[in-house]
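# coords please:
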Amino acid sequence: MTTRETPPDTGPGPSANAAGENALSAFHEQRPQWAPAPPGGGAASAWLPAAAPTHAPVEHAVVEVPMDYSDPAGRRLSIAVSRLRAKDPARRRGILLLVNGGPGGYFGLGRGFPAALAHTGLTEVYDLIGFDPRGTGDSTPLRGEITPTAAPFDSRPPDSAFAVISEDFRIREEGNLRAGGELRPHVSTPNTARDMDVIRAVLGEDRLNYLGYTYGTYLGAVYGALFPDRLDRSVLDSCVHPDWSWREQAMAQGRANRDNVEAWAAWAARRDGHFGLGSSGEQVLAAVEAAAAAITATPGAVPLRSLFDGAMGNRSADRSKWRELADLVADVRTGGAEAAGKWLANEKVWPPSETEGETRCGVLDAVTVEKDWPADLEVYYEDMRRFREHFPYGYGVMRAQTWVGAFRTFTPPERPVELSARGYPAGLVVHAEGDPTDHYEGGAAMAARLGHRLITVADSGQHEIYGFVRNPDVDRLVEGYLVDGVLPDDTSCPSTVSRPDVPADGGTGSISREQRKES
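Numbering: from 1, shown residues only. Next comes the predicted model:
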């Protein structure tokens, strides 16, 4: 199999050696001007009204970094930074840098993270630091053209559509080249990690503490590999796998969704007397496929069938919706497209398409091609056939299809950073068993690779746990470590989302949480 090659490993980059430190001294000596609101309102302000009231205003500033760390005298980028000061100065133990998902963040809302976590115990002892990673939000933007697409929305595309899908992404990558310019090759995980170290130095801290979610877990691991002596405590929540390419990471979502659907099918099978979908997992899955076929029996209903496949992934991940999902399948199996239209009226695809204006944020495309992708389109087509057969739920085929990486228009300046526990202080990994976005296997592998302790949220399809789903057991363990320095052993915590209280066949009355888990 051929791939689009990246160059030989050049090591951690100039910021990790003495010469690099001297070259970066002008950046480290910056004194940011803090203000109570981002200049011009800014993207970060989108989070602030909905966030919990804070004890003090979130401050905003701009920090400059090199576009290319091998040429610090060259073009500079602006990084938008926010800060929520610690409530108790006497107990303050430094800064806690916060990074949300992506790559590319949630539409450039990185600076909103301190306000979003203001309700947690972290604010007692840390200055919470948020920032819009290079290319996103109110930092120097990386743009990609919004290009037209010819392939229809189809979660199970026929072979005849494969070449059209590939051509859409070839055109998209050409649009990335035109809009991204000289910046695009320098928007990468290692450079964002180096930006984090500039922020640390600018804030006058010898070390930083770290809390990262989703893509932020990989970014945090890269920071620890590049700057292990500058990292103190760290928590990685809903992890990227340390060894997977970005393509492997995406394809694992197909398997994660299938795992959740199979867990739901086994649950529904033990309640055949209630739902009538079959008395085995295989029979329930056959009922799912019968429902999908009933939708497509109506001409023009492929987009609706695609929403059905998405709902199978989304609602099987959410254990509280298992009864609703069983009722949906039973109704659609007999009612076809008309029933599906009622059930799926509010079903949405994530992330939503960016169609306003002429350009969009180009960071997702840039970062995901920092690792090699197959150049042979037949590799994608073979996987799409396999995923169409086995992993259609949660838009699994779209995770296997061709991506801009097959047509990458630049050579990355450096190899991906090798992740290692060498010098990396032990921290925490938090991961839910049924996370549909980042497969649980990734969390377990990241914990093993870095020597971190693993907090598993059992029987849960939740994603991004600490501080957002209000799981008291997880929140207590994370804060016990970050605030008090108590590093727990590997442990399992129950989910805050219970399976529906529908008795298994032969049972009467309600059943306990333990019985629900067993059944």
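
# could you list the low-confidence segments of the chain?
For the chain, residues meeting the criterion pLDDT under 70 lie at 1-21, 39-55, 105-108, 350-352, 355-356, 507-519.

# all helices of the stretch 101-250 of the chain, in order?
Ranges of helices within the stretch 101-250 of the chain are 113-116, 162-180, 189-202, 215-226, 246-269, based on DSSP state H, counting those that start in this stretch.

# repeat that for the stretch 401-519 of the chain.
Under the criterion DSSP H, counting those that start in this stretch, the stretch 401-519 of the chain contains helices at 440-450, 472-482, 513-518.

# and R85, how far is that from D372?
Using CB to CB, to the nearest Å, R85 is found at 43 Å from D372. Where you see a C-beta, it was placed from the backbone N, CA and C, and this is true even at glycine.

# for M196, same thing?
Distance from M196 to D372, by CB to CB: 25 Å.

# more neighbours, those two?
Higher neighbour count among M196 and D372: M196, with 27 against 19, using other CB atoms under 10 Å.

# next, work out how far apart the more buried one and H28 are.
From M196 to H28 the distance is 13 Å (CB to CB).

# check A345 too.
54 Å.

# quick one: which of the two has more around it?
Taking other CB under 10 Å, A345 and H28 do not tie; H28 has more neighbours (14 against 8).

# break this structure into its domains for me.
Per the record, the chain has its domains at 32-141+187-242+419-494, 151-170+246-413, by automatic domain parsing.

# need the contact list for the residue most central in space within the chain.
Within the chain, one residue has its C-alpha closest to the average C-alpha position: by CA atoms, centre = their mean, that is T214, at 3.7 Å. Applying CB atoms under 8 Å, 6 or more residues apart in numbering to T214 gives the contacts 100-102, 237-238, 240, 437-438, 463-464.

# can the helices of the stretch 101-250 of the chain go into JSON lines with extra columns for distance to R408?
As requested, these are exported to JSON lines (distance: least, CB to CB, whole Å):
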{"stretch": "helix 113-116", "distance to R408": "30"}
{"stretch": "helix 162-180", "distance to R408": "7"}
{"stretch": "helix 189-202", "distance to R408": "16"}
{"stretch": "helix 215-226", "distance to R408": "19"}
{"stretch": "helix 246-269", "distance to R408": "12"}
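
# so which of those helices comes closest to P425?
Nearest to P425 among those is helix 215-226; the distance by CB to CB comes to 7.7 Å.

# on that earlier part again, ok, the residue nearest to the centre of the chain to E414 distance?
Distance, T214 to E414, by CB to CB: 23 Å.

# nearest residue to V469 in space, please, no chain neighbours.
Q462 (5.2 Å; CB to CB, 6 or more residues apart in numbering).

# sorry, back to before: now, of the domains of the chain, which is deepest in the fold?
domain 32-141+187-242+419-494 (a mean of 21; mean count of other CB atoms under 10 Å).

# pull up the distance across that domain, start to finish.
43 Å (CA to CA, to the nearest Å).

# that one: how far from the chain's middle?
Remark: domain 32-141+187-242+419-494 is offset 13 Å from the chain centroid, using CA atoms, centre = their mean, to the nearest Å.

# so which residues of the stretch 251-400 of the chain form strands?
359-361 (DSSP state E, counting those that start in this stretch).

# what about the helices in it?
Using DSSP H, counting those that start in this stretch, helices in the stretch 251-400 of the chain cover 272-275, 281-296, 302-317, 322-343, 363-368, 377-390, 396-400.

# nearest to L219 among those would be which one?
That would be helix 363-368 among the helices of the stretch 251-400 of the chain, by CB to CB, at 9.4 Å.

# pull the residues that contact the closest one.
By CB under 8 Å, 6+ apart, helix 363-368 touches 102-105, 133-136, 142, 144, 172-173, 176, 180, 184-185, 187-189, 215, 246, 403-405.

# likewise for stretch 383-398?
Contact partners of stretch 383-398, identified using CB under 8 Å, 6+ apart, comprise 155-157, 159, 162, 251, 253-258, 260-261, 292, 306, 309-310, 312-314, 316-317, 349, 399-401, 436.

# can you rerun that using 7 Å?
155-157, 162, 251, 253-255, 257-258, 261, 309-310, 312-314, 400-401, 436 (CB atoms under 7 Å, 6 or more residues apart in numbering).
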